[in-house]
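[1] Sharing a sequence plus its predicted fold:
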Amino acid sequence: MSGQLYALRAGVSIEPWWNKAQVASHYGRSTRWVELMAHKGLPSRMIGGRRAYRLSDVDVWLAETFG
């Protein structure tokens with residue numbers, strides 16, 4: 001998928017960073033939902049001045065937060 005960001009570190013598997021629209025689409029939600037979850041603690045990182053998400057982190061957070 002084009003437009004994904006990758007963080008490269010020695011010994012760490014490569015997982016893409018997704019933007020808000022991609023995360024919203026993946027979960028069948030709106031971008032506003034992603035923003036609301038971010039305010040509740042959805043894990044993310046600022047990359048290039050934009051918020052980015054890793055789906056593995058989001059999946060764990062959602063399971064812990066909403067069971």
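    Looks like it came in fine.
[2] For this structure, just list every one of the helices.
    20-27, 31-39, 55-66 (DSSP state H).
[3] hey, which of these is tucked in deepest?
    Of all the helices of the chain, helix 20-27 has the most neighbours on average by mean count of other C-beta atoms under 10 Å, namely a mean of 17. Backbone N, C-alpha and C define where each C-beta goes, glycine included.
[4] same for that helix, what does it pack against?
    Under the contact definition 3 or more C-beta pairs under 8 Å, 6 or more residues apart in numbering; DSSP states H and E, helix 20-27 sits against helix 31-39, helix 55-66.
[5] do you know how far the closest residue to Asp57 other than its chain neighbours is from Trp17?
    Spatially, and ignoring its direct neighbours in sequence, Asp57 is nearest to Pro43 (4.2 Å; C-beta to C-beta, 6 or more residues apart in numbering). Note on Pro43: its distance to Trp17, by C-beta to C-beta, to the nearest Å, is 11 Å.
[6] Who has more neighbours out of those two?
    Trp17 (19 against 13; other C-beta atoms under 10 Å).
[7] what does the model give the spatially most central residue of the chain for pLDDT?
    Against the mean C-alpha coordinate of the chain, by C-alpha atoms, centre = their mean, the closest residue is Tyr53 at 1.9 Å. You'll see Tyr53 listed with a pLDDT of 98.
[8] Also Gly11?
    So, for Gly11, pLDDT stands at 61.
[9] cool, and Phe66?
    94.
[10] Kindly report the same for Ala7.
    pLDDT recorded at Ala7 is 60.
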